[in-house]
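>>> sequence below, structure please.
(chains A and B)
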Amino acid sequence: MADLTTDFLGIKSPNPFWLASAPPTDKEYNVRRAFEAGWGGVVWKTLGEAGPPVVNVNGPRYGAIYGADRRLLGLNNIELITDRPLETNLEEIARVKADYPDRAVIVSLMVPCEEASWKAILPRVAETGADGIELNFGCPHGMSERGMGAAVGQVPEYIEMVTRWCKENYDKPVIVKLTPNITDIRYPARAAHAGGADAVSLINTVSSITSVNLDNFSPEPMIDSKGSHGGYCGPAVKPIAMNMVAEIARDPQTAGLPISGIGGVTTWRDAAEFMSLGCGNVQVCTAAMTYGFKVVEEIKAGLSRWMDEKGFTSTSDFVGRAVPNVTDWQYLNLNYVAKARIDQDLCIKCGRCYAACEDTSHQAIAMNPGRVFEVKDDECVACNLCIDVCPVEDCITMERLAPGTVDPRTGKVVEAEYANWTTHPNNPSAQAAE
Amino acid sequence: MGASTQKASTRKERADGIVAGRRTKAQIADNFSDLHPPLAPHEAAVAADRCYFCHDAPCVTACPTDIDIPLFIRQIQTGSPMGAAQTIFDQNILGGMCARVCPTETLCEEACVRETAESRPVEIGRLQRYATDTAMRANKHPYDRAAPTGKTVAIVGAGPAGLACAHRLAMLGHDVVIHEARPKPGGLNEYGIAAYKTPMNFAAAEVDWLLSIGGITIETGSALGEAISLDGLRTNYDAVFLGMGLGGVNALRAEGADMAEDAVSFIADLRQSADLTVLPIGRDVVVIGGGMTAIDAAVQSKLLGAENVTVAYRRGQEDMGASRFEQDLAASKGVKLMFNVQPDAVKGDGKVEAITLTYTETRDGKLEPTGETATLPADQVFKAIGQTLVAVPDGLTLEGGKIAVTGPGRTALADVWAGGDCAAGGEDLTVTAVAEGRDAAMDIHAKLTGAA
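Okay, here's the model as predicted:
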């Protein structure tokens, strides 16, 4: 079995799977259970200033989006940062770290955007022996109304400023957790980098209303007939998170900045995908909240087995491996020509490919007598929709037309050479080949 | 039907002859409980999620009433079972019964692409029941009648065809009188289908629900050729629909055939019995035939407590009218299926003691006895070898012993339509009868309103 030991910012953990700052890491009791279950590290649920702790609503905090058989696909929450006294949390963190020296213990922090507030809390955290801090610039609900969380994360100047304060007043690694509720993730990442952050972690939750109660006409979760937007997480946000991770990983201005990936990681495959896009490790929350801490066993075993199959001995062998293949549209090879192919032996004749293509796309699938569905090469643009809607895996595939053959749709010979939009004759800004 | 565990039988259970009380009330209740228990809401949601919403779905093509199956399943999936029921009832007002008794394994579910994909179709029948049960529990009839047309239509037979026809006509504003020979409406739904397929008096409840649209009167004990005549109906009504089913049974050609009982009568008695522990049944029962009626009689004989039940069918398994599902159901209840045997003689002195069967084989496409015989002990023999049309009024053309029809049930008489089992063509299924009754109603409506 491949070794999953990870070094992230000099913080060692037996595996790259950390529990994200969230309810599962709010207390010593939960964190001890998590470590016993095998998690490599935790980011302790966000601490606030000393003094009276925040309060939470006393009604439902979560809303859900379900797939088939009530499979939880997305979760939304309106919970705030820890509502337990700072002292209690600090004592617990110190005890847990002392008992589990091999695990990563990171402390998430959120205090007002004033240097004095940060200067006050940072030494207290340092005393616990925790391995680092994560700055919560992400929560989109509640705390943001008070000028914290996403309210900071949406202003790159604030990110840079607070990060700098933390670097000046704290010796161990500083991770900046980013909100996805912005237009271009590269700007806050660059700001964190400029402020001296050791890493960024992303994404925090996406502002969301998961459902509307159609009897009360109120968003869910509903508190006394009112609802407030929450933060969306779980498998549903993974594509959004991965894109943001990749944007930072391939941005020359933040190149090499370590990333801790967050957003719907549920299985070993999710973890492998995030890591191949440049994440040194991943953080998990919704999967644990849905299935319990035991899910880490599958994630660990799965990743290790996959690494064995690929011949990887360390996670560093594949971290970032997909980054060079993330490119801009304009650089995609326009001479790559493919056609859909339907395997008639696998086809169950549901006709979904036909309905999708005929109604909404290119009329490139014929429905022949006997419900035999066939691709019309002279219409097929290889859009992939038929594959995406086909219920049978591998029934429809894309076949690349060999260079030298004629594409029946365009009547043109498929060229072997790579050519993209930047040199395409239809592009007004095209540079003529010299 | 709950899974019954076999315990050592008691002397009472093994008693010779045709006797009552082979099973206790509790055993009877268990044996005759729902064949396909209803789906709970979550089960329905999971089952509905499996539907692929096929384009031009094969299940719809396979449904004799053309129910938009993918649509109603999607409506269940989106939390609208009432809407799903409406989609079903629009095409099939007896969708509740059809959900219970349709041989879905040879219709919609056989055509389901998931049957092709993984030999496990979407549970269309049970989903249909989930939707229709939900709607019928609501106790509000889902249709209103159109403005009165002043036209009246007579229907003969309150079975699936007649009821479907009546409902559609009433909905369109016509007044309908149904003449039913039996004491209760429902036809085969009430008298002719295995009890475990439609427990808890569902057939009668469905008729009450259907009639609640208004405009339909049922005259029971009113048989064609007796209390009423076709000529009389034609004189007194603007149109007539014949849906009286098949009132006779085929004769058994074998020595001692008069000692064999009609399976349809046995099933009717069973269906009308308030207490099945007092319904007598033989210890060794042999059922002659190979259709659904034969299986229904055989399985119910077994459930009543017969020790040995044999279905004797003269052709091979592949020719059997009963579906494979029905055959397997019978086998799972301990019924023995014998193929390629035909009755030679029912033996006994005053009461049945044995039956001699002759083996058959097909030579040059013709079924021939081989001369080889087998004799089974029997104290009760049922014949389920087909039913026949009786009391055919004058003026109608027959085809294969049934009323010849063209298009939507038009007979040789311009003001008379026919559908269901008494009409030629189509399979003798509840769902086919519903489709024929409905289509005839639309044609009658077009005729009466001058649109055709």
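>>> and A:Q154, how far from chain B?
From A:Q154 over to chain B the distance is 36 Å, taken as CB to the nearest CB, to the nearest Å. C-beta coordinates here come from the backbone N, C-alpha and C atoms, glycine included.
>>> residues in contact with residue 420?
Unless you meant another one, I'm taking chain A. Contacts for A:N420 (CB atoms under 8 Å, 6 or more residues apart in numbering or on different chains) come out as A:Q330, A:Y331, A:L332, A:N333, A:L334.
>>> can you look at chain B instead?
By CB under 8 Å, 6+ apart, the neighbours of B:G420 are B:157, B:159-162, B:187, B:243-245, B:432-433, B:436-437.
>>> show me where the stretch 251-400 of chain B has its strands.
Secondary structure of the stretch 251-400 of chain B (DSSP state E, counting those that start in this stretch): strands at B:261-262, B:284-288, B:308-312, B:336-338, B:341-348, B:352-363, B:366-377, B:380-383, B:387-388, B:398-399.
>>> so which of those is nearest B:H55?
strand B:398-399 (37.0 Å; CB to CB).
>>> run a quick neighbour tally on A:K119.
Using other CB atoms under 10 Å in any protein chain shown, A:K119 is surrounded by 15 other residues.
>>> kindly report the same for B:G386.
Applying the criterion other CB under 10 Å, we find 15 residues in the vicinity of B:G386.
>>> tell me how far it lies from B:L246.
For B:G386, the distance to B:L246 under the criterion CB to CB, to the nearest Å works out to 8 Å.
>>> what sits in contact with each of the two?
With contacts taken as CB under 8 Å, 6+ apart, B:G386 and B:L246 have no neighbour in common.
>>> and the longest helix for chain B?
Across chain B, the longest stretch assigned as helix under DSSP state H is helix B:430-448.
>>> in that helix, what counts as buried?
Using 16 or more other CB atoms under 10 Å in any protein chain shown as the burial criterion, the residues of helix B:430-448 that qualify are B:430-445, B:447-448.
>>> residues from chain A in reach of chain B?
For chain A, the residues found near chain B under the criterion CB under 8 Å from any CB of the partner chain are A:68-70, A:348-352, A:354-355, A:367, A:371, A:391-392.
>>> what about the residues you listed, which are in helices?
Counted as lying in helices by DSSP H, out of those, are A:R352, A:Y354, A:A355.
>>> in contact with the second one, which residues?
So the one you mean is A:Y354. So A:Y354 contacts A:I365, A:M367, A:F373, B:H55 (CB under 8 Å, 6+ apart).
>>> ok, which pair from the residues of chain A next to chain B is furthest apart?
Using CB to CB, the pair of the residues of chain A next to chain B lying farthest apart is A:R70 and A:M367, separated by 34.7 Å.
>>> please say which of those two ends up with more neighbours.
A:M367 (18 against 12).
>>> hmm, the more buried one is touching A:C350, no?
No - taking CB atoms under 8 Å as the definition, A:M367 is not a contact partner of A:C350, at 11.5 Å.
>>> give the residues shared as contacts by the two.
Shared contacts of A:M367 and A:C350 (CB under 8 Å, 6+ apart): B:H55.
>>> domains in chain A, by residue range?
A:6-325, A:330-423 (automatic domain parsing).
>>> columns mean pLDDT on top of those domains, output as TSV?
Compiled in TSV, the domains of chain A are given as follows (pLDDT from 0 to 100):
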stretch	mean pLDDT
domain A:6-325	96
domain A:330-423	97
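>>> deepest in the core, which of the ones you listed is it.
Each of these was scored by mean neighbour count; the highest is domain A:6-325, a mean of 20, by mean count of other CB atoms under 10 Å in any protein chain shown.
>>> end to end, how far does it reach?
Domain A:6-325 stretches 24 Å from its first residue to its last (CA to CA, to the nearest Å).
>>> now stretch A:315-326
For stretch A:315-326, the first and last residues are 20 Å from each other (CA to CA).
>>> packing partners of the longest helix of chain B?
helix B:95-101, helix B:160-171, strand B:239-242, strand B:416-418 (3 or more CB pairs under 8 Å, 6 or more residues apart in numbering or on different chains; DSSP states H and E).
>>> tell me what angle that helix forms with helix B:160-171.
Relative orientation of helix B:430-448 versus helix B:160-171 (axes from the mean of the first three to the mean of the last three CA atoms, to 10 degrees): 40 degrees.
>>> for chain A, what are the nearby residues on the stretch 1-150 of chain B?
For the stretch 1-150 of chain B, the residues in contact with chain A (CB under 8 Å from any CB) are B:42, B:45-46, B:49-50, B:52-58, B:113-114, B:116-117.
>>> now, the most widely separated pair of these?
Considering CB to CB, no two members of the residues of the stretch 1-150 of chain B next to chain A lie farther apart than B:H42 and B:D56, which are separated by 30.2 Å.
>>> residues contacting the helix or strand hosting A:T163, please?
Using DSSP states H and E, A:T163 falls within helix A:156-169. With CB under 8 Å, 6+ apart as the contact definition, helix A:156-169 has outside contacts at A:113, A:115, A:118-119, A:122-123, A:133, A:135, A:137, A:152-153, A:174, A:176, A:187-188, A:190-192, A:194-197.
>>> 6 Å - rerun?
The set of residues external to helix A:156-169 that reach it, using CB atoms under 6 Å, 6 or more residues apart in numbering or on different chains, is A:113, A:115, A:118-119, A:122, A:137, A:152, A:174, A:176, A:187-188, A:191-192, A:194-197.
>>> over to stretch B:278-288?
Residues external to stretch B:278-288 that are found in contact with it (CB under 6 Å, 6+ apart): B:16, B:18-20, B:273, B:294, B:297-298, B:301, B:304, B:306-312, B:343, B:355, B:376-385.
>>> farthest-apart pair in the contacts of B:G420, please.
Among the contacts of B:G420, the pair separated by the greatest distance (CB to CB) is B:M244 and B:T432, which sit 15.6 Å apart.
>>> residues in contact with A:T6?
Listed by CB under 6 Å, 6+ apart, the contact partners of A:T6 are A:S13, A:P16, A:N281, A:T315.
>>> out of these, which sit inside strands?
Residues of those located in strands (DSSP state E): A:S13, A:N281.
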